Structure formats: C-alpha cells, structure tokens
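1. pasting the sequence and the predicted model now:
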Amino acid sequence: MTRISARYLGKRVVVSYITLLVIMTLLFALLRSMPGTFLASMITPEMTPEQIARLEEVWGLNEPLWVQYVDFMVNYQTGEFGMSPTRRVPVWDVIVRRLPRTLILFGAGFIVAYIVGPLVGMYLGWWRGSRKDKSIFASSLVMYSMPSFWVAWLFIWLFNYELGWLKSTYMFTKFPEFEWTIVTTLTDVLHHITLPLLSISFVGWVGAMLVMRPSMNNVTEEDYVFLAQAKGLSERTVMIKHAARNALIPVATQAIVGLAFLIDGSILIEQVFSWPGIGELIVSSVLEKDYPIAQASFFMLAVIIIVMRLLTDVVYTYLDPRIKFGGGQ
Amino acid sequence: MSTQSESRFELDTIRERWEPRIERFKRGWARYTTHKMGVIGLVILVIYILWALFPSVFAPHEPAWKAYVGYENTRWTAEQSASLPHPPAFGDPFFAPLGTNANGNGIYTLLVYSAKDALYIGFAAGLLSSLVGVPLGLISGYYGDTWIDETIQRIVDVMYGLPFLPFLVVLVAIRGVNTTNIILGIAITSWLNNCILIRGETLSLKERAYIESAKVAGASDTRIVFRHIMPNVLPLAFVFLAQDAAIAIITQASLAYLGLADFTANSWGIMIENVKAHGYIYEAPWWLIPPGLAITSIAAAFYFIGFSMEDVTNPQKE
Amino acid sequence: MPHRRNRSNGTDGSRRNFLKASGAGAVALSLAGCSGGESEQGTTEESGDTEATETTEETVAENTSDSDEIPQGGTLVYGMSSNPDTSNYLMAGSVYSAVALDLVYDYGVEIDPVTYDIRPWAFTDWELQNEDADQPEVVFNVRDDLTWNDGEDFTIEDVIFSHDYIIENQVGEFSTVWNNIESVEEDDGDWDCRMTLTQQIGTWDSSALGACPMLPEHIWSDVDDFENYDPMEERENGPVGTGPGILTQFDPDTSMQIQFRDPEEYPLTDQDWIDEHDNLVAGGPFLDQVNFQVYGEEAAMTQAFMRGEIDTHYGTLDTDKIPEAQDTDGLGLVKGYDSGFSYMGINCRREPLDDVALRQVVSFCFDDYYWTQELQQDYVYEGDFAQSPGYSGVRPETVFDGELLEDPATQAFTFRGIDESADPDVEAMREFLENGEVIDGSEGTYAGQEYPGSLSGAEASQSEAKYDYTFEEAQSSELEDYSEEELYVDGEPISEVMNDGAITILMDPPSDYPKQSQAFERWSENMKKVGIPVKLEPTEFNTMSDMVYYDAEFDVYEMGWGGTGVFGTSVRSFFHSDFAKEAYEEETYAYNSTGYGVAGGSSDELIMDAYTEMDPEARNEKFATALEKVYLDMPYMVRDYAKMRWPMNTADFTGAVEPIVDPAYANWHWQAYHLHQTE
C-alpha cells in the first residue's frame, strides 16, 4: 500500500465528496422537473388558502426553488432527510429499515458473483479454446442474456410452487411458530434468501467472468508466467498465484460496472420477492412523486457506489504495480 | 479515350486498394466460421432479421387476429372469453401454435411481429453508446491522470452514482414513455461501461514498452492512440457493442416489467409484462416462456457474435 | 362511512385506495382508479347473466347465531399488496394502515352496515337542537363503561379533548371534524356533551357525531407535534384506543399484527341493537388476532391466497382466479358492493364538450357489453348514476320504484350498436347530432333506442344541442382508416376546435390495467368511426390527478371513486360549482374536476336543496332528482360499479356478513367482529 500516499487518498476523498454534491444537484433538478407534486394528494377542497399555505410551508414548497435547493443540500450534510409526504414518517426511519435488507441481499449477491465469476473466468481463460471453455462460455452467455425477473419467476415456479423447498417472499418468516434463536434465524433467512440470491447471481456472475477470461488469457503470454512455468512450478500454482493475481486487475475495474448491474438487478428482484429494500422503494417513490424518499434513496445508493468506487481505485492501484498515481513515489 | 483509360486506371487502383481488404475479410470470414458459437449467433440474428422484415411470411396471422373471431368485429361468448388465455391449439377451434394471451392474440404471431422492436432497440442503443463510450475511454485512458482524464472520469463518476434503472425511470417520467426516449435513456447510461473499461485497458497498454518506443520515435498522440492503442482495444470495443445491444434489449424488458414501455408497440418485454399484468405468471407457461426465450436468444446471439468477432480481429489470442 | 379513512398510495394496482378526506361534510371520499379494474377488482361467475340480478336482489343473509355458541380463537391472516404508512392514526393516510388502526379506535356513532341507520357506539343517544339556527347544536350522552386498551377509563373529558385536539390542530386526515364541528363542550343540562356545528348539515348525525375518533387525553395531551408522533416508539403496544384491537406489531414493510382484547373488556359489540339485528351477531370479535402480511406484487398475493398462505386479502379476488377459487374446497368468496364507481370525466369548460348533446354521443360510443361481459366477464355492473348500487337508498330507481340497475331509464346511454353487434350505429349517432337532439328527460327514441323518460322528472340542462353539427370531409389524420367524414361544429372541423386536433382521453397505463386499455381502444375506434377524432394518452395516476384536480387541463379522463357517501352527499363535491376550480382564488385541489355547474349545465340548486334538507325521506328524493339530472347532463360518464368478491378461507373461517359494501375495507371492522373459526 505504500504506493498510495495520504495526499492521493485525501484528494480522492475530496473528489468523491464533490461528485456526491454534483449528483445531489442533478438529482434535485431531475426530480423537480417531473410533472406534478405530491401536494395534490394532501389538500382537501374545503381547506382555506391559509391552510394550504401552511401545508406548503410544512413541506417546504412555497419557497423559491433555489431556497429549496439550498435547504436540501444543507440538510443532507447534517443528515436531516425530512418527512415523507406519502408515508407520513421521517424519511430516515424508512431508509434505516430498508437499507440493511438491500445490503444483505445485494452484498451476498455481489460476493457470490465476484467469487464465482473470476474463478470460472480464470479456469476458462487458462484453458482458452478448449472444448470445455467453449461450451461453458457459451452457456454462461445464455445465462447472462436472461431477464432477471423472468428467471426469478421460473425459479419461484420450480422451487416454490412445484417443489416447495424455498420461500418466495420476505426475508424472515412472518409470525413464526418457532423461537428466534441464532440457529433458527440463520436457517430461516437462508430459507428465504436463497431464491432471490440465486436469481441475482444467476445472471450477475457472468459479468466478472467475461472480464477475467480474456484478461487471464492475456497474462498467460506474459514473460513472468513462462518464467514461472520454466521454474517448474505446478500449473495450478502458476495459474492461481502468478497469472490470476495479475489478471484480476481489470476485474477490479469491472466491479464498479458490476455493482451498478447488481443494483439494477436487485431492484427488480426485490419487487418479485417482496423483499422490502431500497430498490423497491426507489421506483415506487419516483412514481408517487415522494421526492423526500426518492432523494434519500438515490442518495444512499450514490454513497454506496461512490465509496465502492473509491475502494476499487485503491485496490486497482494496489494490484497493478505498473500504475502510479500522482505523488506516489 | 483518355477518360476511359483514366477511369480504368482508377478502377485498377480501387481494386488494388480494396483487394487486400477483401482478402482480409475473406480470411476473417473463414476464421469466423470456425467458431460454432459465432455461426449460431449469426443464424439466430438472421432469423430474427427475417422476422422483422417479413413478419407476414412467418406468422400465421396479423397481430390484430383474435381467437375464435379472427378479424371479425363480433362478440365472444362467455365460454369463449373464459377460455382465454388459450393453450396451444392447432386448428381446433383455431390455429395458434403457441396458444393465445388473455386478449385472444396469438403468442407466436406477436413473437414474430415483435422482432423488429428488439432489433431496433438493440442496434440503436448499442451503436449510440459505443460511439460515445469508446472514443471517450481511449482519450481518458491515454491522457490518464491529466485534467482531460479527470474531467471525463468525474462525469463518469457522477453518472455512475445514479443507479441505472431508477435513473431511467426518472428520465422516462420527465420525457414521456416512448421507444426513442427509452433508447436515449439506455444510451445515456450504458456508454459508461465502455468508457471505463476501455480506459482501464488503455491505461495498462500505454505503459507498455512499445508505446514508449513509439513516443521516443516522435509519433504524435493521435497516431499512438489510433495506430498503437486502438487496435489493441478494438476487440474489446466489439464485444461491448454486442454487449450493449444485448443489455439494451434486456433493459427494455426490465423497464416494461416496471410498467414503463411504449404499449402501442409490440415487444417481447411488453408480452412478459402482460403476463404479469393479467396475473398468469404461473398459469400460462405458453405465454410466459416464449417471449423470455426470445429475449434470451437474441441477447445471446449478440454476445455470441461479439465474442467470436473478438477472436477473429485479435488472432494473437488462442 | 363517516369516519373511515382516506387516500394515498398511488402506484400500480392500488389506485382504488387513493382515498381522500372530503371536507365536503358527509364522508370520506376516495379517489380511486378504475374501480372495475382488473387484478384488484372485477369478478367472475360462470353464468354471468343471471348473476347480475341475483346479487342486486339478494338480501343480506340472516344471521341469528348465538354468540355463546361461536368458537372463540384463531388467527386470521390478511394479505395486502402495498405498505401501510404509519401507526399514528392522525397521520395515517393509507387504507393499509387503516385496516389495522380502525380496529383500535372507536367513533361516537356507527352506520349500520346493512340498513344504514345511525347506531349508538361510544355515544348512547343524541338530539338535534336549534335546527334552524345558522349553527345548530347536537347534544349527546357518552358511554361510561368503556376502557382504553392500556387499562385507563374512558371519560367525557376524553371526548371533549378528542374534538378539541383535532379542531385545534386542523388535522388534515380528519378535516370532516373541523369542517363540520365548531366545538364540543360539557353540557350544563341533562346531557353529557353539547356539540355546535359550523353550519346546517342534513346528515349531521353521521357527519358530525361519527366524524371524530376517540383519543385518550392522557396520551395525546403530551403530544405537541402530532405530525411527528410515533406511537410504536412510545409504547410497546402502540396506539391507545377504546377499540377491541391492540396493535402488537407494526413493521410497515412486511407485516402488522392486531390482537383482540378479551370480549369482556369490549362492550360495544354487545349492544342490544346488534343483538336484535337480523343480520349481525353480538359479542365479537371472536378471533384472537389478525396478522397482516404485505406482498410486493399483486400476483404474489393472489397466489398466496390460492395456496392457503393467507386467509383473505385486501380488495377483491383477481377476476381470473374466481372460477378456480370457486372450484377449490375450502376457498370462498364474500360478496359485496362497490363503495363508489368508475367513470370518465368530461371537461365541461371546453368547447364543444360543453354541449350536453356531444357528451351524450361520446357516451353512446362506449361499448358497455364489451367491457362488462367480454372483458370483465360480468364481474362489474354497467354504470349509470353517480351513486353506488351498494348505497341504493338515494338512487333514482330505488326512490321512484324502478328496478335497481335494470330500469330502462338507467339505460339511456347504452352502446348504440347495429343489431346488438359490436359495430357502432354510425348513422343513428350522426343523425342524433345533426338533428340537434338531446336526451333531456322526456320520453322518446334517441339514436335508435327508446327511452321511457326520467324517473324523477328531472330534465337535462339543455333540450337541444348547443351547436350546429354537420359531417363533412375529414381533416384530422386521426380519422384515417376510420371515417371519410368528420364532425363539424358550427361549420368548423372539430379537429380545429380542439387544442390538440383531437379529443384527448387520459387513461391509466396499459401495463397496470390491460383490459381497461382494450375497452378504451374500442371506445376511441367507435368515436373515430362516427367522425370524432380521438387520442388516447396513457398517464400515470399521480400525474393524471394533478392534471385533472389541480389544473383542470384535460378533455376526458378516467378514474374512480371509492368510499363515497352513503346518503348521496358526495354529489355535492363532485358536481356543485362551489367545488370547481373556478370557485377558489388559489390554485388548489378541486373535487369538481369537470367544471359542471360552471359551464355545460348545472345542478347546483337541486344539490344544495338536497344537502340542507333535514328530513331523511325528502332528502333522498331530492338527491335522487339531482343524481338523475347529472346523469342526463353527463359531466361524468359512469362506467361501472365493481362487484366485490372478497376472498376467504372458508375452511377455517366463517361468519362474514354479506353482501355489504366493501367488505375488505370500509366495512372490514364489521367483518372482523363477525368472522370466527369454522367449527
């Protein structure tokens, strides 16, 4: 890690922060340019103008747009997310409840995809052109081509309706007849998460594989691989220790793409499986014009993505000795 | 006379100039055909192109056809309308090889008539995002760690901070749901993938010894980017073009699932969405499975072709 | 129901639940989507034709069970396809919160779910005083044997506090309270309390006595900011009310749980009037608890019911699943009426739609048979008056001795097809327009169909067309392939009179309501065949409600109302000019979207005459007359009333009261007091 200086890191953090501010600005502009407001659903005909004005004041809609913008930016710096007009509760309560569920599903999906993907990619890349490579590669492309929600329906049909092995809704059993212990909780969550996880990663892992395979193939022609082979190291050792480590570099870059891909996937999957996370929230709040909720959920996802981006940059630099960033020497 | 000889001369030069290219193409084609995957992809694509061009040849009916009544404006009996969606039927009481949906339209007919939509979205969105993403990725990577790179990467960062599907939902909500807006929305978000991956590749490539030596030899930036780096990333770019086309088609289906699609058009995504809207996901497999398979197969065809082309244009591999 | 809740939750499939508190006095109106809608609404039975009459004539099943013989216990699982919002009753806007919270809170009076009489609840008896004053007064007595679910006693102070609190804070969800009630004080004389109304209100008993939920002073007096109050955070068992239910779990994303108190602790369902009631059973609730489960998709919820994971769910069973449910042992359907209707609103402000004649022709073009029989398979009733047949007391054919929904006078605007076919009778409709005809309430043959004359004697606002209609060479591109001729209004092609070159119809996105969009396509084709250019514009519900209720920028739109007034009072909000955009100085939400009363005809006088009438019988007659005039004037083209088919796991649970209005929501609390385990 010595190649990364504190100054470089500091700069990246500042840039990430500014990025977040720009995203928030963009978000504000985009959401406000959608036609209509949520206020229409709150006003009743016999309210006097004063009462309506009070409502507008409560929801901050009577201010000029730029004041609303400044309020929004300032409040978010202090973690003040406001109230949801359609849910009538503080936005933060909704986010706090839902974010962990999304992180669990999506984190698990990410881990599965980025373990399976590079492993298969490594194997295929090393044996590129072999019969096995060709058939596995082609079938993984077919998996990659399936609409995830459609796959999810097929899985539910098979594993839930036909076989009854796995649950197709929620994260926990509602109103269980058993006691919550560590063991029952774990098995219960597993019972519930398997299908959505399967649906996400069924499609998701291929992305990582697609990058790992050519990258692995490239490094097989590098000198150090020949050198390692010449030294008489076992093929396995060379493949994993020497080739794979270097081949992982583009995978780290791809991870950020994969991240976005998985977030999209989880939005659809959350809906199919009644998995009440951020993804389900974000689409419904946009359609309901619940700006406070929409803003906050976009914001949370943006923070996740930006932090991950920062991390991949660091990992990237760490993995590839040839890249040096400003002032690293 | 003189003009004639001149033109013959021109013709000769043209032939001379083109011959090697034609040769190369022939060799490339020969190589391509050795890839079983690529050939399969091409065959699927050709079938769908034929469907798109001549739907009436392949489909037994027009989309307006309805079970029992055909094209007549007569009424269904209660039993008839209760029998819909109807499983596959071959002539008795009507001909619908893949059955019908709840509206009485033939599934197979709709499948054929929807090919055009998928191809259009795939090609348009794929091309658009490649045309934007690849050059930007090259420039960004080559000028890595300069203000140019910074600027492009900051734009990319901002765009990446907005999750794709919800962002599309917002865009479409502002601009209205139609195919053009959906294609634009897909292109706006998917060029990022190309850009960021091409940049990563370029960053690695430009540190290589041969680039250094080209620099020392006094080659201009443009020459280095287009002569030395681009040929090396082009295979990747082809893969991305194909990938983008595939992703665009899948994304369109996802948007339809979320209820955002141009419902006046025929499309496979809408067919799947309709299964859900009518509540037949688990009751009418003849309705649910074909459009999903169609999407899968066309997206896979694009991937197959893309990856086979990668091998052809980049013979050093293997 | 006077108090049952309001609005919200607008996205897919749940439009029907977008309800809204009406300050309009009587009721909580609900703004809903196509109530005949597909997945949530609508219904099926194999033999459609007989069914329509069967349900209307059916009387509520007698129930004389003795509560002592009814088994106590059991957990009912109730599914819903959208989240509840909050457990704070004063802030809860979602019907999905209300299904749980309505079991926790009580009101002063209840409307009998079968006879619609006003019945004692937390108040035992009452009397109207100074009825001719500008602000009449109501005196009433309060039960002294009620307890809050935290063990405290319910007192007169609590009653006064509840009203004060809601009036002082002008709680938005309970605007009925502060719109109708000036104040509630302890009475100096023989009564417990004295309530002063803000104005004369014909339905004072339900609209004032039944408007306010009983709030415990010992809890709410400490709540300064009711908007940010979270009862679940304050107490383990959340909200404190006098009702039989205790909210023991509230996870708005996935589930809620209501546990019922010991029946001994809850005397309200043991009242004499319930015991003596032919259709109701005293002594409930008999269940131990109700578990509510939230599903992400309508389809998943329907499947969960079919597979026995839940015992019932919100709304009505998906039409397509009804035959299967009927064939499955242990599954049943509780019949019920729509609490409102689905309709198309026509903007009476816009030329030439301000002409009754043209609006009537637009209505002729809608193929009712295609919609009700072919698409909805007879699980909706064809629409006519803007009043649900479930609340039939004020419908013209009830008041004036016609046959409910079947009387020929209700069929004035049925589809004009050639010989019962789906092909529109273009010639007849064109002639109707060219002759300047209007179905004005008098007997006659109009566009090829006979009309017996209005039941109440009501007359349309016009007796002949306002414009001179002709059919000449088509100018509009919309008419291509449909008609060579176009409708000309006073010599000008209609495509040039209308802003967008056509009449634009706002409709729900086909993704949410595929069948409805088919019906609309058929409708627009028929109009085009007549020579009226039409465009269909799919619009998201929230956007549409802004365009319609806020801006009044539309030609034609479609929506629905649920939870309308039992006594006809909703008519005032929908059609009186006081509720049109023009009546407000500020840009605001106006119930009267069509501008009827301001332009294109008016029933203002009839409506206000009915609204202030204190005698119930005279009031019904007056409302019926107003309803029929509105019907002829056609600002709303009422499309249908849903037939509710509330799914029920009858293997385990029986005892539902049927058929009553909206068993899953508006009268759900009554069902909750009656359902019990199957022996």
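-> That came in fine, so what should we check first? Small disclaimer: the values here were computed from a predicted structure and weren't measured.

2. helix, strand, or coil at residue C:292?
-> strand (DSSP: H, G, I helix; E, B strand; the rest coil).

3. sec struct for the residue nearest to it when sequence neighbours are not counted, please.
-> Nearest residue to residue C:292, sequence neighbours excluded (CB to CB, 6 or more residues apart in numbering or on different chains): residue C:256, at 4.1 Å. From N, CA and C alone the C-beta is placed, and that goes for glycine too. Secondary structure assignment for residue C:256 (three-state DSSP): strand.

4. can you pull the contacts of residue C:256?
-> Contacts for residue C:256 (CB atoms under 8 Å, 6 or more residues apart in numbering or on different chains) come out as C:84, C:100, C:247, C:249-250, C:291-292.

5. same thing with residue C:100?
-> Residues near residue C:100 by CB under 8 Å, 6+ apart: C:84, C:87, C:245, C:247, C:250, C:256, C:258, C:290, C:292.

6. before we move on, what about residue C:285?
-> Residue C:285 touches C:244-245, C:260, C:263, C:266, C:269, C:672-675, counting by CB under 8 Å, 6+ apart.

7. one more time with 7 Å, if that's ok
-> Applying CB atoms under 7 Å, 6 or more residues apart in numbering or on different chains, one finds that residue C:285 lies in contact with C:244, C:260, C:672-673.

8. let's see which of the contacts of residue C:256 end up in strands.
-> Cross-referencing the contacts of residue C:256 against strands under DSSP state E gives C:247, C:249-250, C:291-292.

9. which one of the residues you listed is nearest residue A:298?
-> Nearest to residue A:298 among the ones in strands among the contacts of residue C:256, counting by CB to CB, is residue C:250 at 26.7 Å.

10. out of the contacts of residue C:256, what pair is the most spread apart?
-> C:84 and C:291 (13.1 Å).

11. neighbour count for those two, which is higher?
-> Taking neighbours as other CB atoms under 10 Å in any protein chain shown, residue C:84 and residue C:291 compare with residue C:84 leading, 26 against 20.

12. drop anything exposed from the contacts of residue C:100.
-> Among those, those buried by neighbour count (16 or more other CB atoms under 10 Å in any protein chain shown) are C:84, C:87, C:245, C:247, C:250, C:256, C:258, C:290, C:292.

13. give me the neighbour count for residue C:675.
-> So residue C:675, with other CB under 10 Å, has 26 neighbours.

14. residue A:57: neighbour count?
-> Count around residue A:57 with other CB under 10 Å applied: 11.

15. how near is it to residue C:225?
-> Per CB to CB, to the nearest Å, residue A:57 is found 15 Å from residue C:225.

16. please apply the same query to residue A:183.
-> 43 Å.

17. and stretch B:171-179, how far apart are its ends?
-> One end of stretch B:171-179 sits 13 Å from the other (CA to CA, to the nearest Å).

18. which stretches of the stretch 1-150 of chain C form strands?
-> C:19-21, C:28-32, C:75-80, C:109-111, C:118-120, C:123-129, C:137-142 (DSSP state E, counting those that start in this stretch).

19. of all these, which lies closest to residue C:306?
-> The closest of the strands of the stretch 1-150 of chain C to residue C:306 is strand C:75-80. By CB to CB, the value is 11.2 Å.

20. residue C:257 against residue C:293, yeah?
-> No - contact criterion CB atoms under 7 Å: residue C:257 and residue C:293 do not qualify, at 9.8 Å.
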